[in-house]
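Undergrad: Predicted model and sequence follow; I will ask about them next.
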Amino acid sequence: MAKTAIAALKWANPKSIANSFEQTFYDANASLFNVKTSIYNENRSIFDVIKSDIILKGLFNRNKLNDDFKQFPKEQLAREVIQTALLEQTPFVTYQNHRIYIPTYSIEINDIYYKHAELLKEEPYCQCIKDENYAIVNPFKTYGLALLDSPFSRLIRLEANKDNIHVFYHIDFETLFFVDEECNLVEDLPILDEKCKGKDNLHLFENLNLIANDYFAGDRVKLFDDLLKTKLLSKYYYDECMEEELKYQKKMKRRNHDL
């Protein structure tokens with residue numbers, strides 16, 4: 001069956017998540033998902049695990065901070081010096097000048113964890129400690145791309161974007177991820193196959209933005225020509241993918257002619 005060049009590349013150049021930091025963290029912490037957050041537990045693809053890890057890092061923070069806050073009476077928790085000490089070295093997402101320690105909670109509740117932990121000792125916020133399913137929000141609709149562009153993931157955001165589609169690159173997985181503003185994956189593009197020689201690290205991100213803009217322009221031939229020119233794809237895989245693209249284009253022409 002004829003495939004586009006992109007589909008052929010994804011088939012020919014699969015990236016493995018096995019033994020990666022992301023997979024190891026997921027395996028060690030997946031038990032933190034509860035009833036309300038289990039809908040964000042996905043592991044069918046690399047990008048699924050990246051997103052699942054973001055949620056797990058927030059749930060890990062929640063457990064750690066709740067355990068710490070339980071050790072202090074309300075009056076002591078109200079002291080800034082104690083709150084600061086308890087939050088030290090706890091990673092967070094920056095969103096609209098707020099610190100988001102737990103993405104499955106609203107900005108309001110995250111502000112309490114950051115500045116007013118004493119309120120977790122009284123209603124209704126004490127439910128955050130008592131009930132792990134209390135007041136859960138959709139993190140990706142609430143915080144969007146800020147979650148991907150944060151210490152909660154190892155993705156690197158590129159400058160290229162179009163029509164609310166943004167691009168992230170993962171150095172270890174050598175893959176470009178095209179995502180919408182609610183962190184839904186639109187396309188992934190694995191590059192740097194095992195036959196690549198002479199990788200240009202000095203201009204890597206300049207070249208990645210070029211490739212991303214080629215994708216947005218919808219010109220698969222230029223996209224793959226530039227992948228070859230920038231040494232992000234070997235000649236062997238370039239030829240294989242373009243052969244599939246030619247077959248695909250011929251098939252589409254025949255189909256359109258028949259219509």
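TA: Received, thanks.

Undergrad: and the residue positioned nearest the centre of the chain, what pLDDT?
TA: Residue closest to the average C-alpha location in the chain (C-alpha atoms, centre = their mean): residue 148, at 4.4 Å. Model confidence at residue 148, given as pLDDT, is 98.

Undergrad: quick one, strands of the protein?
TA: Here the chain has its strands, by DSSP state E, at 93-95, 98-100, 156-162, 165-170, 175-179, 185-190.

Undergrad: returning to that earlier point: the residue nearest to the centre of the chain reaches residue 179, doesn't it?
TA: Yes. Using C-beta atoms under 8 Å, residue 148 is in contact with residue 179, at 7.0 Å. In short, each C-beta sits where N, CA and C put it, glycine included.

Undergrad: on that earlier part again, quick one: the strands of the chain as CSV, columns for mean neighbour count, distance to residue 86 and mean pLDDT too.
TA: Converted to CSV, the strands of the chain look like this (neighbours: other C-beta atoms under 10 Å; distance: least, C-beta to C-beta, whole Å; pLDDT from 0 to 100):
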stretch, mean neighbour count, distance to residue 86, mean pLDDT
strand 93-95, 18, 18, 97
strand 98-100, 21, 13, 97
strand 156-162, 16, 30, 97
strand 165-170, 22, 31, 98
strand 175-179, 21, 33, 98
strand 185-190, 17, 36, 98
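
Undergrad: need these in CSV with distance to residue 117, can you?
TA: Output for the strands of the chain, formatted as CSV (distance: least, C-beta to C-beta, whole Å):
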stretch, distance to residue 117
strand 93-95, 18
strand 98-100, 13
strand 156-162, 31
strand 165-170, 33
strand 175-179, 33
strand 185-190, 36
